[in-house]
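# Quick one, structure for this:
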Amino acid sequence: MQSYLVGGAVRDALLGIPVKDRDWVVTGATPQQLVDLGYQQVGADFPVFLHPQTHEEYALARTERKSGKGYQGFECRFSPDITLEQDLLRRDLTINAMAQRDDGSLVDPYGGQQDLNNRLLRHVSPAFMEDPLRVLRVARFAARLAPLGFTVADETQSLMRDMVNAGELDHLVPERVWQETQRALQEKQPATYFQVLRDCGALKLWFAEIDALFGVPQPPQHHPEIDCGVHALMSLNASVPLSDQVAVRWAALTHDLGKALTPPEEWPRHIAHEARGVKPAKQLAKRLKAPKDAAELSVLASQWHTHVHRAQELRPETLLKLLDGVDVWRRPERFEQLLLVAKADSRGRTGFEQCDYPQVEYLQQALQQALTITAKDVMVNGITGAEIRPALAEARKARLGSWKAAQVC
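Modelled structure (predicted):
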(Lines give C-alpha, C1' and ligand atoms only; values in the text may rest on other atoms or scores of the structure.)
Protein backbone atom coordinates (compact mmCIF):
# COMPACT_ATOMS: atom_id res chain seq x y z
CA MET A 1 0.00 0.00 0.00
CA GLN A 2 1.28 3.46 -0.94
CA SER A 3 -0.25 6.91 -0.48
CA TYR A 4 0.46 10.06 -2.53
CA LEU A 5 -0.44 13.71 -2.10
CA VAL A 6 -2.33 14.72 -5.26
CA GLY A 7 -4.12 17.47 -7.12
CA GLY A 8 -4.49 21.03 -5.92
CA ALA A 9 -2.12 20.72 -2.99
CA VAL A 10 0.75 19.73 -5.28
CA ARG A 11 -0.16 22.38 -7.85
CA ASP A 12 -0.44 25.22 -5.35
CA ALA A 13 2.78 24.28 -3.56
CA LEU A 14 4.66 24.45 -6.87
CA LEU A 15 3.09 27.85 -7.57
CA GLY A 16 3.97 29.17 -4.13
CA ILE A 17 0.30 29.51 -3.20
CA PRO A 18 -0.74 28.61 0.37
CA VAL A 19 -2.19 25.09 0.43
CA LYS A 20 -5.65 24.95 2.00
CA ASP A 21 -6.76 21.35 1.48
CA ARG A 22 -4.71 18.19 1.04
CA ASP A 23 -6.09 15.16 -0.80
CA TRP A 24 -4.44 11.77 -1.09
CA VAL A 25 -4.60 8.76 -3.40
CA VAL A 26 -3.90 5.26 -2.11
CA THR A 27 -2.65 2.47 -4.38
CA GLY A 28 -2.33 -1.24 -3.67
CA ALA A 29 -5.03 -1.31 -1.02
CA THR A 30 -8.58 -2.50 -0.44
CA PRO A 31 -11.34 -0.70 1.48
CA GLN A 32 -11.13 -3.23 4.27
CA GLN A 33 -7.42 -2.62 4.76
CA LEU A 34 -8.03 1.10 5.32
CA VAL A 35 -10.94 0.42 7.66
CA ASP A 36 -8.72 -1.96 9.65
CA LEU A 37 -6.18 0.87 9.98
CA GLY A 38 -8.83 3.16 11.52
CA TYR A 39 -9.85 5.17 8.47
CA GLN A 40 -13.49 6.23 8.31
CA GLN A 41 -15.23 5.52 5.01
CA VAL A 42 -17.35 8.27 3.45
CA GLY A 43 -18.87 8.73 0.01
CA ALA A 44 -21.37 6.47 -1.72
CA ASP A 45 -20.08 6.30 -5.30
CA PHE A 46 -16.52 5.20 -4.62
CA PRO A 47 -14.42 4.61 -1.52
CA VAL A 48 -13.11 7.77 0.12
CA PHE A 49 -11.73 7.61 3.63
CA LEU A 50 -10.92 10.11 6.36
CA HIS A 51 -7.53 9.73 8.06
CA PRO A 52 -7.98 8.80 11.74
CA GLN A 53 -5.77 11.69 12.93
CA THR A 54 -5.68 14.41 10.26
CA HIS A 55 -9.20 13.77 8.85
CA GLU A 56 -7.79 14.49 5.38
CA GLU A 57 -9.38 12.62 2.48
CA TYR A 58 -7.77 9.46 1.15
CA ALA A 59 -9.27 7.92 -2.00
CA LEU A 60 -8.46 4.56 -3.48
CA ALA A 61 -6.92 4.82 -6.93
CA ARG A 62 -9.64 4.40 -9.51
CA THR A 63 -10.52 4.54 -13.18
CA GLU A 64 -13.73 5.83 -14.73
CA ARG A 65 -15.71 4.77 -17.78
CA LYS A 66 -18.40 6.83 -19.48
CA SER A 67 -21.76 5.08 -19.18
CA GLY A 68 -24.31 7.79 -19.85
CA LYS A 69 -24.96 11.45 -20.52
CA GLY A 70 -23.84 14.40 -18.43
CA TYR A 71 -21.43 14.58 -15.53
CA GLN A 72 -23.02 11.75 -13.51
CA GLY A 73 -22.92 9.08 -16.22
CA PHE A 74 -19.78 7.28 -15.06
CA GLU A 75 -18.86 3.85 -13.79
CA CYS A 76 -15.95 3.84 -11.36
CA ARG A 77 -13.57 0.92 -10.92
CA PHE A 78 -11.18 0.59 -8.03
CA SER A 79 -8.86 -2.25 -7.09
CA PRO A 80 -5.36 -2.75 -5.68
CA ASP A 81 -3.91 -3.23 -9.18
CA ILE A 82 -4.83 0.26 -10.44
CA THR A 83 -1.72 2.39 -10.72
CA LEU A 84 -1.20 5.98 -9.73
CA GLU A 85 -0.66 6.91 -13.38
CA GLN A 86 -4.04 5.39 -14.30
CA ASP A 87 -5.72 7.39 -11.56
CA LEU A 88 -4.06 10.65 -12.63
CA LEU A 89 -5.04 10.02 -16.26
CA ARG A 90 -8.75 10.50 -15.45
CA ARG A 91 -8.19 14.03 -14.07
CA ASP A 92 -9.12 17.20 -15.92
CA LEU A 93 -5.98 19.34 -16.31
CA THR A 94 -2.32 18.39 -16.37
CA ILE A 95 -1.59 20.84 -13.55
CA ASN A 96 -4.07 18.87 -11.42
CA ALA A 97 -2.65 15.48 -12.48
CA MET A 98 0.56 15.53 -10.45
CA ALA A 99 1.36 13.67 -7.26
CA GLN A 100 4.00 13.81 -4.55
CA ARG A 101 5.65 10.88 -2.82
CA ASP A 102 6.41 10.72 0.88
CA ASP A 103 10.00 11.80 0.20
CA GLY A 104 8.76 14.95 -1.58
CA SER A 105 9.63 13.81 -5.10
CA LEU A 106 7.19 14.61 -7.89
CA VAL A 107 5.21 12.15 -9.99
CA ASP A 108 4.30 13.99 -13.19
CA PRO A 109 3.43 11.59 -16.04
CA TYR A 110 1.47 14.11 -18.15
CA GLY A 111 3.62 17.25 -18.14
CA GLY A 112 1.85 19.23 -15.45
CA GLN A 113 5.00 20.97 -14.18
CA GLN A 114 5.92 22.12 -17.68
CA ASP A 115 2.40 23.50 -18.16
CA LEU A 116 2.74 25.30 -14.83
CA ASN A 117 5.94 26.89 -16.07
CA ASN A 118 4.30 27.77 -19.40
CA ARG A 119 1.18 29.07 -17.60
CA LEU A 120 -1.11 26.77 -19.59
CA LEU A 121 -4.38 25.08 -18.66
CA ARG A 122 -4.29 21.93 -20.77
CA HIS A 123 -6.45 18.79 -20.62
CA VAL A 124 -4.82 15.50 -19.69
CA SER A 125 -6.47 13.23 -22.26
CA PRO A 126 -9.45 12.97 -24.65
CA ALA A 127 -11.41 11.57 -21.67
CA PHE A 128 -11.83 15.24 -20.72
CA MET A 129 -14.80 15.28 -23.12
CA GLU A 130 -16.70 12.75 -21.04
CA ASP A 131 -17.54 15.24 -18.27
CA PRO A 132 -19.24 18.51 -19.35
CA LEU A 133 -18.73 20.04 -15.91
CA ARG A 134 -15.04 20.26 -16.78
CA VAL A 135 -15.78 23.10 -19.20
CA LEU A 136 -16.95 25.21 -16.27
CA ARG A 137 -14.08 24.02 -14.09
CA VAL A 138 -11.50 25.07 -16.65
CA ALA A 139 -13.15 28.49 -16.90
CA ARG A 140 -13.07 28.76 -13.11
CA PHE A 141 -9.41 27.78 -12.93
CA ALA A 142 -8.72 30.38 -15.60
CA ALA A 143 -10.39 33.02 -13.40
CA ARG A 144 -8.32 31.92 -10.41
CA LEU A 145 -4.98 31.73 -12.19
CA ALA A 146 -5.33 34.56 -14.72
CA PRO A 147 -3.53 36.99 -12.35
CA LEU A 148 -0.52 34.65 -12.63
CA GLY A 149 -0.64 34.75 -16.42
CA PHE A 150 -2.42 31.45 -17.10
CA THR A 151 -4.43 30.95 -20.29
CA VAL A 152 -6.37 28.02 -21.74
CA ALA A 153 -4.38 25.95 -24.23
CA ASP A 154 -5.68 26.19 -27.80
CA GLU A 155 -6.29 22.47 -28.06
CA THR A 156 -8.27 22.49 -24.81
CA GLN A 157 -10.32 25.47 -25.93
CA SER A 158 -11.08 23.60 -29.16
CA LEU A 159 -12.10 20.50 -27.23
CA MET A 160 -14.42 22.55 -25.03
CA ARG A 161 -16.01 24.07 -28.13
CA ASP A 162 -16.60 20.58 -29.54
CA MET A 163 -18.30 19.57 -26.28
CA VAL A 164 -20.63 22.56 -26.44
CA ASN A 165 -21.47 21.87 -30.08
CA ALA A 166 -22.15 18.21 -29.28
CA GLY A 167 -24.76 19.25 -26.70
CA GLU A 168 -22.86 17.81 -23.73
CA LEU A 169 -23.46 20.91 -21.59
CA ASP A 170 -27.21 20.57 -22.12
CA HIS A 171 -27.13 17.79 -19.55
CA LEU A 172 -25.81 19.94 -16.72
CA VAL A 173 -28.26 20.91 -14.00
CA PRO A 174 -28.67 24.55 -12.91
CA GLU A 175 -27.46 23.90 -9.39
CA ARG A 176 -24.07 22.69 -10.60
CA VAL A 177 -23.75 25.54 -13.09
CA TRP A 178 -24.46 28.07 -10.35
CA GLN A 179 -22.11 26.31 -7.94
CA GLU A 180 -19.20 26.67 -10.34
CA THR A 181 -20.27 30.22 -11.23
CA GLN A 182 -20.48 31.26 -7.61
CA ARG A 183 -16.99 29.92 -6.96
CA ALA A 184 -15.73 31.76 -10.03
CA LEU A 185 -17.32 35.00 -8.82
CA GLN A 186 -15.20 34.73 -5.69
CA GLU A 187 -11.93 34.56 -7.62
CA LYS A 188 -9.57 37.51 -8.12
CA GLN A 189 -10.40 37.90 -11.83
CA PRO A 190 -13.93 36.52 -12.22
CA ALA A 191 -14.55 38.10 -15.63
CA THR A 192 -12.13 35.56 -17.11
CA TYR A 193 -14.59 32.79 -16.26
CA PHE A 194 -17.27 34.32 -18.46
CA GLN A 195 -14.82 35.20 -21.23
CA VAL A 196 -13.56 31.61 -21.42
CA LEU A 197 -17.14 30.36 -21.54
CA ARG A 198 -17.90 32.82 -24.32
CA ASP A 199 -14.84 31.72 -26.29
CA CYS A 200 -16.10 28.12 -26.39
CA GLY A 201 -19.80 28.96 -26.90
CA ALA A 202 -20.98 27.96 -23.43
CA LEU A 203 -21.90 31.50 -22.40
CA LYS A 204 -24.68 31.65 -24.98
CA LEU A 205 -26.02 28.33 -23.71
CA TRP A 206 -26.31 29.04 -19.98
CA PHE A 207 -25.89 32.84 -19.79
CA ALA A 208 -27.68 33.99 -22.94
CA GLU A 209 -28.66 37.36 -21.47
CA ILE A 210 -25.02 38.21 -20.79
CA ASP A 211 -23.83 36.86 -24.12
CA ALA A 212 -26.37 39.08 -25.92
CA LEU A 213 -24.56 42.20 -24.66
CA PHE A 214 -21.49 41.55 -26.80
CA GLY A 215 -21.48 43.51 -30.02
CA VAL A 216 -23.95 46.10 -28.72
CA PRO A 217 -22.32 49.59 -28.82
CA GLN A 218 -22.50 52.44 -26.29
CA PRO A 219 -21.64 56.16 -26.63
CA PRO A 220 -17.82 56.32 -26.69
CA GLN A 221 -17.71 59.58 -24.72
CA HIS A 222 -19.18 57.76 -21.71
CA HIS A 223 -17.94 54.26 -22.53
CA PRO A 224 -14.58 54.30 -24.33
CA GLU A 225 -14.65 50.49 -24.32
CA ILE A 226 -17.86 50.84 -26.42
CA ASP A 227 -19.00 47.19 -26.29
CA CYS A 228 -21.68 46.46 -23.67
CA GLY A 229 -20.37 42.95 -23.06
CA VAL A 230 -16.86 44.22 -22.44
CA HIS A 231 -18.28 46.80 -20.04
CA ALA A 232 -20.19 44.09 -18.13
CA LEU A 233 -16.99 42.09 -17.60
CA MET A 234 -15.04 45.21 -16.66
CA SER A 235 -17.71 46.13 -14.10
CA LEU A 236 -17.48 42.65 -12.61
CA ASN A 237 -13.72 42.90 -12.19
CA ALA A 238 -14.11 46.44 -10.82
CA SER A 239 -16.39 45.06 -8.09
CA VAL A 240 -13.71 42.70 -6.76
CA PRO A 241 -11.77 45.23 -4.62
CA LEU A 242 -15.06 46.78 -3.48
CA SER A 243 -16.78 43.68 -2.09
CA ASP A 244 -16.31 39.96 -1.62
CA GLN A 245 -20.07 39.36 -1.67
CA VAL A 246 -21.30 37.18 -4.51
CA ALA A 247 -24.53 39.20 -4.77
CA VAL A 248 -22.62 42.44 -5.37
CA ARG A 249 -20.37 40.89 -8.01
CA TRP A 250 -23.28 39.19 -9.77
CA ALA A 251 -25.28 42.43 -9.85
CA ALA A 252 -22.27 44.33 -11.19
CA LEU A 253 -22.08 41.83 -14.05
CA THR A 254 -25.80 41.90 -14.84
CA HIS A 255 -26.84 45.52 -14.18
CA ASP A 256 -27.02 46.43 -17.89
CA LEU A 257 -28.83 43.43 -19.40
CA GLY A 258 -31.50 45.76 -20.75
CA LYS A 259 -29.05 47.25 -23.26
CA ALA A 260 -29.16 44.01 -25.23
CA LEU A 261 -32.85 44.73 -25.84
CA THR A 262 -32.37 48.25 -27.20
CA PRO A 263 -33.59 48.42 -30.83
CA PRO A 264 -30.50 48.71 -33.10
CA GLU A 265 -31.87 51.86 -34.71
CA GLU A 266 -31.50 53.58 -31.31
CA TRP A 267 -27.84 52.61 -30.84
CA PRO A 268 -25.54 53.73 -29.31
CA ARG A 269 -28.04 55.31 -26.88
CA HIS A 270 -29.96 53.07 -24.49
CA ILE A 271 -32.98 54.98 -23.27
CA ALA A 272 -35.06 53.02 -20.70
CA HIS A 273 -32.56 50.16 -20.56
CA GLU A 274 -33.02 50.16 -16.79
CA ALA A 275 -36.64 48.98 -17.00
CA ARG A 276 -35.89 46.67 -19.92
CA GLY A 277 -33.24 44.92 -17.86
CA VAL A 278 -35.60 43.69 -15.15
CA LYS A 279 -37.06 40.79 -17.14
CA PRO A 280 -33.74 39.32 -18.39
CA ALA A 281 -32.23 39.71 -14.90
CA LYS A 282 -35.09 37.68 -13.47
CA GLN A 283 -34.92 35.12 -16.30
CA LEU A 284 -31.21 34.53 -15.85
CA ALA A 285 -31.39 34.18 -12.06
CA LYS A 286 -34.34 31.80 -12.35
CA ARG A 287 -32.61 29.60 -14.95
CA LEU A 288 -29.52 29.27 -12.78
CA LYS A 289 -31.51 28.99 -9.55
CA ALA A 290 -29.38 31.79 -8.14
CA PRO A 291 -29.87 32.59 -4.44
CA LYS A 292 -32.47 35.17 -3.52
CA ASP A 293 -30.05 37.91 -2.45
CA ALA A 294 -28.14 37.80 -5.76
CA ALA A 295 -31.34 37.63 -7.83
CA GLU A 296 -32.95 40.57 -6.03
CA LEU A 297 -29.88 42.79 -6.09
CA SER A 298 -29.44 42.13 -9.81
CA VAL A 299 -32.97 43.42 -10.46
CA LEU A 300 -32.53 46.45 -8.19
CA ALA A 301 -29.22 47.30 -9.84
CA SER A 302 -30.87 47.25 -13.23
CA GLN A 303 -33.70 49.49 -12.06
CA TRP A 304 -31.79 52.06 -10.03
CA HIS A 305 -28.11 52.27 -11.05
CA THR A 306 -28.69 55.32 -13.26
CA HIS A 307 -30.43 57.12 -10.40
CA VAL A 308 -27.37 56.47 -8.25
CA HIS A 309 -25.09 57.90 -10.94
CA ARG A 310 -27.22 61.06 -11.12
CA ALA A 311 -27.62 61.36 -7.35
CA GLN A 312 -26.56 65.00 -7.02
CA GLU A 313 -28.99 66.02 -9.78
CA LEU A 314 -32.05 64.28 -8.31
CA ARG A 315 -34.91 66.33 -6.91
CA PRO A 316 -35.96 65.56 -3.31
CA GLU A 317 -38.98 63.55 -4.46
CA THR A 318 -36.80 61.47 -6.79
CA LEU A 319 -34.24 60.88 -4.05
CA LEU A 320 -37.06 59.64 -1.85
CA LYS A 321 -38.34 57.46 -4.70
CA LEU A 322 -34.89 55.83 -4.92
CA LEU A 323 -34.75 55.19 -1.17
CA ASP A 324 -38.27 53.75 -1.20
CA GLY A 325 -37.57 51.69 -4.31
CA VAL A 326 -34.77 49.73 -2.66
CA ASP A 327 -36.72 49.54 0.65
CA VAL A 328 -33.81 51.11 2.49
CA TRP A 329 -35.92 51.54 5.63
CA ARG A 330 -36.03 47.77 6.18
CA ARG A 331 -32.99 46.70 4.12
CA PRO A 332 -30.23 49.27 4.65
CA GLU A 333 -27.54 46.70 3.86
CA ARG A 334 -29.01 46.15 0.41
CA PHE A 335 -28.83 49.89 -0.27
CA GLU A 336 -25.12 49.80 0.55
CA GLN A 337 -24.72 46.89 -1.84
CA LEU A 338 -26.44 48.86 -4.60
CA LEU A 339 -24.04 51.76 -4.07
CA LEU A 340 -21.09 49.39 -4.49
CA VAL A 341 -22.57 47.99 -7.70
CA ALA A 342 -23.01 51.50 -9.09
CA LYS A 343 -19.42 52.34 -8.15
CA ALA A 344 -18.21 49.21 -9.94
CA ASP A 345 -20.30 50.20 -12.96
CA SER A 346 -18.66 53.62 -13.02
CA ARG A 347 -15.18 52.16 -12.73
CA GLY A 348 -15.85 49.38 -15.24
CA ARG A 349 -14.95 51.64 -18.15
CA THR A 350 -11.72 52.11 -20.04
CA GLY A 351 -9.81 54.99 -18.47
CA PHE A 352 -12.13 55.28 -15.46
CA GLU A 353 -10.83 52.32 -13.45
CA GLN A 354 -9.71 54.50 -10.51
CA CYS A 355 -12.21 57.34 -10.80
CA ASP A 356 -13.70 58.98 -7.72
CA TYR A 357 -17.35 58.23 -7.04
CA PRO A 358 -18.77 60.85 -4.65
CA GLN A 359 -22.31 59.60 -5.23
CA VAL A 360 -21.83 56.96 -2.54
CA GLU A 361 -21.14 59.46 0.22
CA TYR A 362 -23.81 61.83 -1.10
CA LEU A 363 -26.55 59.18 -0.96
CA GLN A 364 -25.40 57.95 2.42
CA GLN A 365 -25.79 61.50 3.72
CA ALA A 366 -29.19 61.83 2.04
CA LEU A 367 -30.35 58.68 3.77
CA GLN A 368 -29.22 59.98 7.15
CA GLN A 369 -31.18 63.17 6.54
CA ALA A 370 -34.31 61.23 5.65
CA LEU A 371 -33.91 59.04 8.73
CA THR A 372 -34.07 62.10 11.00
CA ILE A 373 -37.81 62.18 10.27
CA THR A 374 -39.79 59.35 11.87
CA ALA A 375 -43.44 58.39 12.07
CA LYS A 376 -43.59 59.84 15.55
CA ASP A 377 -42.66 63.25 14.17
CA VAL A 378 -45.77 63.37 11.98
CA MET A 379 -48.08 61.72 14.50
CA VAL A 380 -47.60 64.59 16.97
CA ASN A 381 -49.69 66.67 14.57
CA GLY A 382 -52.65 64.35 15.06
CA ILE A 383 -52.06 62.29 11.91
CA THR A 384 -53.08 58.66 12.31
CA GLY A 385 -53.77 55.47 10.37
CA ALA A 386 -53.47 55.49 6.61
CA GLU A 387 -52.47 59.15 6.63
CA ILE A 388 -49.14 58.45 8.34
CA ARG A 389 -47.29 57.06 5.32
CA PRO A 390 -47.94 59.95 2.89
CA ALA A 391 -47.34 62.51 5.63
CA LEU A 392 -44.03 60.84 6.50
CA ALA A 393 -43.03 60.91 2.83
CA GLU A 394 -43.86 64.61 2.55
CA ALA A 395 -41.90 65.43 5.71
CA ARG A 396 -38.87 63.49 4.49
CA LYS A 397 -39.09 65.13 1.08
CA ALA A 398 -39.11 68.54 2.74
CA ARG A 399 -36.11 67.57 4.89
CA LEU A 400 -34.18 66.42 1.81
CA GLY A 401 -35.10 69.67 0.05
CA SER A 402 -33.73 71.78 2.91
CA TRP A 403 -30.57 69.70 3.03
CA LYS A 404 -29.96 70.07 -0.71
CA ALA A 405 -30.60 73.82 -0.54
CA ALA A 406 -28.11 74.19 2.30
CA GLN A 407 -25.47 72.36 0.29
CA VAL A 408 -25.88 74.73 -2.62
CA CYS A 409 -25.48 77.72 -0.34
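# quick one: low-confidence parts of the protein?
43-46, 66-74, 409 (pLDDT under 70).
# which residues are in contact with the biggest helix by length in it?
With secondary structure taken from DSSP state H, the chain has its longest helix at helix 388-408. Here helix 388-408 makes contact (CB atoms under 8 Å, 6 or more residues apart in numbering) with 316-317, 319-320, 324, 365-366, 369-370, 372-375, 377-379, 381, 383. For every residue, glycine as well, the C-beta is placed using N, CA and C.
# Drop the exposed ones from the residues you listed and show what's left.
Buried subset of those (neighbour count, 16 or more other CB atoms under 10 Å): 316, 319-320, 366, 369-370, 373, 378, 383.
# now, the most widely separated pair of those residues?
Within these, two members stand farthest from each other by CB to CB: 366 and 383, at 23.8 Å.
# Surely residue 262 and residue 273 touch.
Yes - with contact defined as CB atoms under 8 Å, residue 262 reaches residue 273; the gap is 6.0 Å.
# can you give me the strands for the protein?
For the chain, the strands defined by DSSP state E cover 2-6, 23-27, 40-42, 48-50, 57-60, 62-66, 74-78, 99-100, 106-107, 120-121, 151-152.
# For residue 270, see how far away residue 190 is.
Residue 190 sits 24 Å away from residue 270, going by CB to CB, to the nearest Å.
# want to throw the strands of the chain into a markdown table with distance to residue 246 and mean neighbour count?
Shown next, in a markdown table, are the strands of the chain (distance: least, CB to CB, whole Å; neighbours: other CB atoms under 10 Å):
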| stretch | distance to residue 246 | mean neighbour count |
| --- | --- | --- |
| strand 2-6 | 29 | 20 |
| strand 23-27 | 25 | 20 |
| strand 40-42 | 28 | 12 |
| strand 48-50 | 28 | 20 |
| strand 57-60 | 26 | 19 |
| strand 62-66 | 31 | 15 |
| strand 74-78 | 29 | 15 |
| strand 99-100 | 33 | 22 |
| strand 106-107 | 35 | 16 |
| strand 120-121 | 23 | 22 |
| strand 151-152 | 24 | 20 |
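# Any chance of those in a markdown table with distance to residue 397 as columns?
Below are those laid out as a markdown table (distance: least, CB to CB, whole Å):
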| stretch | distance to residue 397 |
| --- | --- |
| strand 2-6 | 64 |
| strand 23-27 | 60 |
| strand 40-42 | 60 |
| strand 48-50 | 62 |
| strand 57-60 | 60 |
| strand 62-66 | 65 |
| strand 74-78 | 63 |
| strand 99-100 | 67 |
| strand 106-107 | 69 |
| strand 120-121 | 55 |
| strand 151-152 | 54 |
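# quick one: which of those strands is nearest residue 162?
Nearest of these (CB to CB): strand 151-152, 13.8 Å.
# Partner strands of the closest one and their direction?
In the sheet, strand 151-152 lines up against strand 120-121 (parallel) (DSSP bridges).
# ok, residues contacting the strand it pairs with?
Contacts of strand 120-121 (CB under 8 Å, 6+ apart): 93, 95, 115, 138, 141-142, 145, 150-153, 156.
# Centre of the chain to it, how far?
On the basis of CA atoms, centre = their mean, to the nearest Å, strand 120-121 sits 21 Å off its chain's mean C-alpha point.
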